[in-house]
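A.B. asks: sequence and predicted model, in that order:
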Amino acid sequence: MRRTLLAAVLIVLIAIPAALRAEHTDTLPLGPKDRRLVLRTIEAGQILDTRTGKEVTIAKIARRAANADVVMVGEYHDSMACHLFQRDLIREIGKMSPQTVVGFEFFQQGKDDAALATWSRKEANEADLLRATNWYGATSMHYGYTRPVMQAIREAGLTAIGLNAPRALVHRVAGGGLDALGPGERRRFAHV
């Protein structure tokens, strides 16, 4: 018991200085499987191509993405840095591929598309968009995080669509699995 407690205290004491030094950096296992145990330090604002291990620009990422059929970009919902990266990437892709369609996991497929189209054509303001899509009724996340992305889409004249299934279906699947859906509802899900 005493040795375990001593080991735990030593680990914490060793970890504190390392955590303090890494305040503005992240050290993560990145890249292909053969390098998954190699740790890299990435400075704030730096973008690393995990395939090559080299720094890359948003413009270079956009050039690669512009030829793809689908590009998926993840985020931390409450990270402005993630949303600003998305904004910059969408701007760059939009310059090269003005036919780009940006799908959002928040907005509902079909249900919110008309409101998104009206907003994209500048026929509605943000308050209209938030009301029509029930933004604050459906989430507690402040729209300010998503605003830069939405503004980039609007400025570039791109199309925005919803990707989420209706919440009622999501709740039914959560409670009873895919068997809780009828045949017509199942068709909304590509893998079913």
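C.D. replies: Nice, thanks for sending it over.

A.B. asks: correct me if wrong: Phe104 contacts Leu158.
C.D. replies: No. If you go by Cβ atoms under 8 Å, Phe104 and Leu158 don't touch, sitting 12.0 Å apart. Heads up, the C-betas are built off the backbone N, CA and C, glycines and all.

A.B. asks: got a list of contacts for stretch 79-96?
C.D. replies: The list of residues contacting stretch 79-96 from outside it, by Cβ atoms under 8 Å, 6 or more residues apart in numbering, reads 47, 58-59, 61-63, 65-66, 71, 73-76, 100, 102, 145-146, 148-149, 151-153, 155-158.

A.B. asks: let's go with 7 Å and repeat that
C.D. replies: Stretch 79-96 has contacts (Cβ atoms under 7 Å, 6 or more residues apart in numbering) with 58-59, 61-63, 65-66, 73, 75-76, 100, 102, 145-146, 148-149, 152-153, 156, 158.

A.B. asks: how about the strands of the chain, start to end?
C.D. replies: According to DSSP state E, the chain carries its strands in the segments 25-29, 39-43, 48-49, 54-55, 101-108, 159-164.

A.B. asks: reformat these as JSON lines; add mean neighbour count.
C.D. replies: Shown next, in JSON lines, are the strands of the chain (neighbours: other Cβ atoms under 10 Å):
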{"stretch": "strand 25-29", "mean neighbour count": "12"}
{"stretch": "strand 39-43", "mean neighbour count": "13"}
{"stretch": "strand 48-49", "mean neighbour count": "16"}
{"stretch": "strand 54-55", "mean neighbour count": "10"}
{"stretch": "strand 101-108", "mean neighbour count": "17"}
{"stretch": "strand 159-164", "mean neighbour count": "18"}
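
A.B. asks: can you list these in TSV and add distance to Ser140?
C.D. replies: Conversion of those to TSV gives the following (distance: least, Cβ to Cβ, whole Å):
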stretch	distance to Ser140
strand 25-29	26
strand 39-43	30
strand 48-49	32
strand 54-55	36
strand 101-108	12
strand 159-164	16
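
A.B. asks: confidence-wise, which of those strands is weakest overall?
C.D. replies: The minimum mean pLDDT among those belongs to strand 25-29 (a mean of 58).

A.B. asks: pLDDT score assigned to the closest residue to Ala124 other than its chain neighbours?
C.D. replies: Closest residue in space to Ala124, ignoring its immediate chain neighbours: Thr118 at 4.6 Å, by Cβ to Cβ, 6 or more residues apart in numbering. Thr118 carries a pLDDT value of 95.

A.B. asks: Thr118: neighbouring residues, count only.
C.D. replies: Here the number of neighbours of Thr118 (other Cβ atoms under 10 Å) works out to 14.

A.B. asks: next one: it from Ser97, what distance?
C.D. replies: 23 Å (Cβ to Cβ, to the nearest Å).
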